[in-house]
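S.K.: build me a model:
(chains A and B)
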Number of protein chains: 2
Amino acid sequence: MKNKKTAVAAVSGGMDSCVAAAYSLIDYDTAFLHVNYGQKTEERELKAFNDIADFFGISKRLVIDYSHFSVMGGSSLTDKSMGVRKADLENKSIPDSYVPFRNANILSACVSWAEVLGAEAVFIGAVYEDSSGYPDCRPEFFSAFEKMADLGTKPETVIKIKAPIIHYSKKQIVEKGIELGAPLHLTWSCYQEQEEACGICDSCALRLRGFKQAGIEDPIKYKIRPEYK
Amino acid sequence: MKNKKTAVAAVSGGMDSCVAAAYSLIDYDTAFLHVNYGQKTEERELKAFNDIADFFGISKRLVIDYSHFSVMGGSSLTDKSMGVRKADLENKSIPDSYVPFRNANILSACVSWAEVLGAEAVFIGAVYEDSSGYPDCRPEFFSAFEKMADLGTKPETVIKIKAPIIHYSKKQIVEKGIELGAPLHLTWSCYQEQEEACGICDSCALRLRGFKQAGIEDPIKYKIRPEYK
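M.R.: As a prediction, this is how the structure comes out:
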């Protein structure tokens, strides 16, 4: 049997990165990296990460601590003095849940680990089209990151940055997740609750709308389950 | 009095970043960021960082923990099973003290903090010409990083990546440090010792040669002080 190539996947515990990791597993032996960054739902997301990794039988896991993000502040996800706002899916400005330059920090750790492992790709579950407007989710950001990573690593290190669902809608992510056998029932998306998802933050709203558009019931529990259009 | 612009400087505790920080302080109110990454001399470098920050009267300081680098391994600076090798200043290959993609990780944290602070520049004491051959010290890496950071942050965020001593020799760094009043006597460069510098690792060798070429005696203590040409 031919040895598979190796990849590192950034796995937050949410639905998007779970589906991106399922993509990675088609072609690569995949190591899972998770970042705690002082977000309010850190513990619940870490549980989801481990549940997903167990489901896929992943032995190489790395959990890293970026708690300095909550010291820096500047985001409603990490700053305890800011509330997580109610979703407004019509608002096109950058929401206050934006964590400054988070994806560059996560990808940098992934590339470091990938270089040590001899991996050829890093997978991230970023979504641009039907998403949040975060600048570090733009396709051109990932292209620029890949170029920078090529210059900043050894000449023999060549690592592709793969964002396989970047142009997907949430509906398509749900459908693709089911097609690939990704354990969506183990994922966690809510920004503010850890027992039952709140149903009203941006992340819950986008997720619920995606399931609704796919005509599938979201298998996780919600406190309240509004109908989003 | 006109308010100064703000910058973030990555300050390791070594001579190069101390001089780069002195550059930053000419034009910017400067916040100092230090990274512990599980390197063998972590404690001593942190002391040097705080000594330098005290010297310059810096109130905004952030110390962050990248101890996952020592879990990842792949570098003689963090991997306890690898020895730090004796200097060979003629060898032009990438030395095993290379910490995979370290500067991208450090700069990413700096840019995150800079975005929160509204800072306009990030300073790093990278040196290319008379240095180590690390790929993440190349000028083209920093240009690519700046472009990537511009795409990955908010539209109103514009952060310059400044590596003011990148084309300096160690001799020039010593001379410039003295000219700018940088506290070289408080800096720590040795890769393996924490009481007296070893005098024989790559970093000690480059430093000692720089002082010698500048015709100045290095003010810190060494176990042994070989003559490097």
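S.K.: where exactly do the helices run in chain A?
M.R.: Counting by DSSP state H, chain A has helices at residues A:15-27, A:42-56, A:68-72, A:102-117, A:139-152, A:170-179, A:202-214.
S.K.: what angle do the longest one and helix B:102-117 make?
M.R.: It stands for helix A:102-117. Orientation check (axes from the mean of the first three to the mean of the last three Cα atoms, to 10 degrees): helix A:102-117 against helix B:102-117 gives 170 degrees.
S.K.: in helix A:102-117, what's buried?
M.R.: A:102-117 (16 or more other Cβ atoms under 10 Å in any protein chain shown). Every C-beta, even on glycine, is put in place using the N, C-alpha and C of the backbone.
S.K.: just confirm yes or no for that helix near chain B.
M.R.: Yes. Helix A:102-117 reaches chain B (Cβ under 8 Å from any Cβ of the partner chain) through A:102-105, A:108-109, A:111-113, A:115-116.
S.K.: what about A:Ala214, how many neighbours?
M.R.: A:Ala214 has 19 neighbours, counted by other Cβ atoms under 10 Å in any protein chain shown.
S.K.: measure it to chain B for me?
M.R.: The gap separating A:Ala214 from chain B is 30 Å, by Cβ to the nearest Cβ, to the nearest Å.
S.K.: hang on, that residue packs against A:Lys176?
M.R.: No. Assessed by Cβ atoms under 8 Å, A:Ala214 is found out of contact with A:Lys176, at 9.8 Å.
S.K.: show me the common contact partners of those two, please.
M.R.: Common contact partners of A:Ala214 and A:Lys176 (Cβ atoms under 8 Å, 6 or more residues apart in numbering or on different chains): none.
S.K.: ok, now which ones touch the closest residue to A:Gln172 other than its chain neighbours?
M.R.: Distance criterion Cβ to Cβ, 6 or more residues apart in numbering or on different chains; nearest residue to A:Gln172, sequence neighbours excluded, is A:Ile165 at 7.6 Å. Residues near A:Ile165 by Cβ under 8 Å, 6+ apart: A:16, A:19-20, A:23, A:125-127, A:172-173, A:176.
S.K.: mean pLDDT per helix and strand in chain A: which one sits at the bottom?
M.R.: One helix or strand of chain A scores below all others by mean pLDDT, DSSP states H and E: helix A:68-72, with a mean of 92.
S.K.: could you tell me how many residues sit around the nearest residue to A:Asp51 once chain neighbours are set aside?
M.R.: Nearest residue to A:Asp51 in three dimensions, chain neighbours excluded: A:Leu186, at 4.2 Å (Cβ to Cβ, 6+ apart). The number of residues packed near A:Leu186 is 20, by other Cβ under 10 Å.
S.K.: hmm, A:Leu186 is touching A:Ala48, no?
M.R.: Yes. Counting by Cβ under 8 Å, A:Leu186 does reach A:Ala48; the two are 6.0 Å apart.
S.K.: A:Glu43 reaches A:Gln194, doesn't it?
M.R.: Yes. Using Cβ under 8 Å, A:Glu43 is in contact with A:Gln194, at 6.2 Å.
S.K.: so for these two, which sits in the more crowded spot?
M.R.: A:Gln194 (14 against 11).
S.K.: who's in contact with the more buried one?
M.R.: With Cβ under 8 Å, 6+ apart, A:Gln194 has these contacts: A:41, A:43-44.
S.K.: now it. Its backbone dihedrals?
M.R.: phi -120, psi -10 (degrees, to the nearest 10).
S.K.: closest to B:Gly210 out of the contacts of A:Ile165?
M.R.: Checking these against B:Gly210 by Cβ to Cβ gives A:Ala126 as the nearest, at 43.3 Å.
S.K.: can you work out which other helices and strands pack against the least confident helix or strand of chain A?
M.R.: In terms of contacts (3 or more Cβ pairs under 8 Å, 6 or more residues apart in numbering or on different chains; DSSP states H and E), helix A:68-72 is packed against strand B:61-65, helix B:102-117.
S.K.: would you tell me which strand is longest in chain A?
M.R.: Longest strand in chain A by number of residues (criterion: DSSP state E): strand A:28-36.
S.K.: and that strand, what does it pack onto?
M.R.: Checking 3+ Cβ pairs under 8 Å, 6+ apart, strand A:28-36 ends up next to strand A:5-10, helix A:15-27, helix A:42-56, strand A:61-65, helix A:102-117.
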